[in-house]
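Peer 1: Quick check, what structure comes out for this input:
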Amino acid sequence: MSDADNLYSILSTTRSIRRISDKPVDDATLERVLQAAIWAPSGGNRQPWRIIAVRDRALKQKLGEIYATEWATYVEFNMKRVEGMPENIVEATRAGLAVGTRLAESLADVPLVIMFIHDPREVYVTDGNLGRTPVVGGASLYPAVQNLLLAARAEGLGGVLTTLISASEVKVRELLEIPEPWGVYAMVPLGHPMGNHGPLRRAPLSQMVKYDRWSD
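Peer 2: Sure thing, here's the model as predicted:
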């Protein structure tokens with residue numbers, strides 16, 4: 001395969017992996033994956049983020065407990081959202097949420113929990129006064145997460161981007177001894193998949209892309 005073919009294969013098969021075995025990840029592989037994250041772009045090349053790679057089981061257990069609390073709130077919200085809908089939709093929602101519940105309950109057994117933290121003083125938000133939720137600041141943060149996930153896929157590993165734990169930032173900051181004003185913006189459980197990566201299910205190009213104007 002050409003370099004382009006290899007790249008497109010990885011891009012089109014990097015699934016969110018929530019079922020992760022307890023098989024250890026060797027240090028050399030971990031360092032390659034972390035280096036890929038560091039290569040990510042950021043505004044002004046400021047790299048306003050850092051990584052804490054959590055391997056200690058007791059810390060992972062605590063992170064799992066914090067995450068489980070936020071996940072339970074998320075489950076309740078989504079189950080209320082589908083109340084009264086057809087049973088197949090309710091069951092599909094319940095099944096999808098169950099996967100996340102298992103992840104929360106097993107976080108201590110995952111080899112690595114990668115915590116992404118950021119310095120808000122170094123993130124330039126250009127859309128903060130537009131009367132909607134600002135999102136542009138994430139352009140200097142989340143490419144690092146995607147780089148890590150793509151590199152993990154290339155190494156035969158898997159993980160999933162999660163953000164719910166950010167709601168308990170104060171608890172995470174205390175647990176991992178993160179100084180203020182650094183904040184938590186992502187958590188990625190990482191390890192060897194229990195199962196396989198595979199083709200992604202996404203909307204077709206024709207639905208997602210317009211040329212020149214929205215109305216065209």
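Peer 1: ranges for the strands of the chain?
Peer 2: 49-54, 112-118, 158-159, 183-191 (DSSP state E).
Peer 1: Ok, which of those strands comes nearest Ser2?
Peer 2: Among those, strand 158-159 comes nearest to Ser2, with 24.5 Å by CB to CB. The way it works is simple: take the backbone N, C-alpha and C, and place the C-beta from them, glycine included.
Peer 1: Show me the contact partners of the closest one.
Peer 2: 15, 17, 20, 114, 148-149, 152, 188-193, 197 (CB atoms under 8 Å, 6 or more residues apart in numbering).
Peer 1: got those as CSV, with pLDDT and neighbour count columns?
Peer 2: Conversion of the contacts of strand 158-159 to CSV gives the following (pLDDT from 0 to 100; neighbours: other CB atoms under 10 Å):
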residue, pLDDT, neighbour count
Arg15, 94, 18
Ile17, 94, 24
Ile20, 96, 24
Ile114, 99, 24
Leu148, 99, 27
Leu149, 98, 26
Ala152, 98, 30
Val188, 99, 22
Pro189, 98, 28
Leu190, 98, 25
Gly191, 98, 22
His192, 98, 18
Pro193, 96, 19
His197, 86, 19
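Peer 1: Next, give me the two most distant ones among these.
Peer 2: Pairwise over those, using CB to CB, the maximum falls at Ile114 and His197, 17.9 Å.
Peer 1: what sits up against the least confident helix or strand in the chain by mean pLDDT?
Peer 2: For the chain, counting by mean pLDDT, DSSP states H and E, helix 87-105 ranks last in confidence among helices and strands (a mean of 89). Residues from elsewhere that reach helix 87-105 (CB under 8 Å, 6+ apart): 18-20, 64, 67-68, 71, 74-75, 78-79, 81-83, 160, 162, 189.
Peer 1: Show me where the chain dips below the pLDDT cut-off.
Peer 2: 216 (pLDDT under 70).
Peer 1: Can you check which helix is longest in it?
Peer 2: helix 57-81 (DSSP state H).
Peer 1: Now do it: everything it contacts.
Peer 2: 54, 90, 93-94, 97, 100-101, 104-110, 113, 115, 162, 164-165, 167-168, 171-172, 175-176, 187.
Peer 1: One more: stretch 165-174?
Peer 2: The contact list for stretch 165-174 (CB under 8 Å, 6+ apart) reads 63, 66-67, 69-70, 115, 178-180, 182-187.
Peer 1: tell me the two of those residues that are most distant?
Peer 2: Using CB to CB, the contacts of stretch 165-174 span at most 23.7 Å, a distance reached by Thr69 and Pro179.
Peer 1: So which of the strands of the chain is the most surrounded?
Peer 2: Burial of the strands of the chain is given as mean neighbour count (mean count of other CB atoms under 10 Å); strand 158-159 ranks first at a mean of 26.
Peer 1: neighbouring strands for it, and are they parallel or not?
Peer 2: strand 183-191 (antiparallel) (DSSP bridges).
Peer 1: quick check: angle from the partner strand to strand 112-118?
Peer 2: In terms of direction (axes from the mean of the first three to the mean of the last three CA atoms, to 10 degrees), strand 183-191 departs from strand 112-118 by 160 degrees.
Peer 1: Would you pull up how far strand 183-191 lies from the middle of the chain?
Peer 2: 6 Å (CA atoms, centre = their mean, to the nearest Å).
Peer 1: what angle separates it from helix 87-105?
Peer 2: Using the same axes, to 10 degrees, strand 183-191 lies at 90 degrees relative to helix 87-105.
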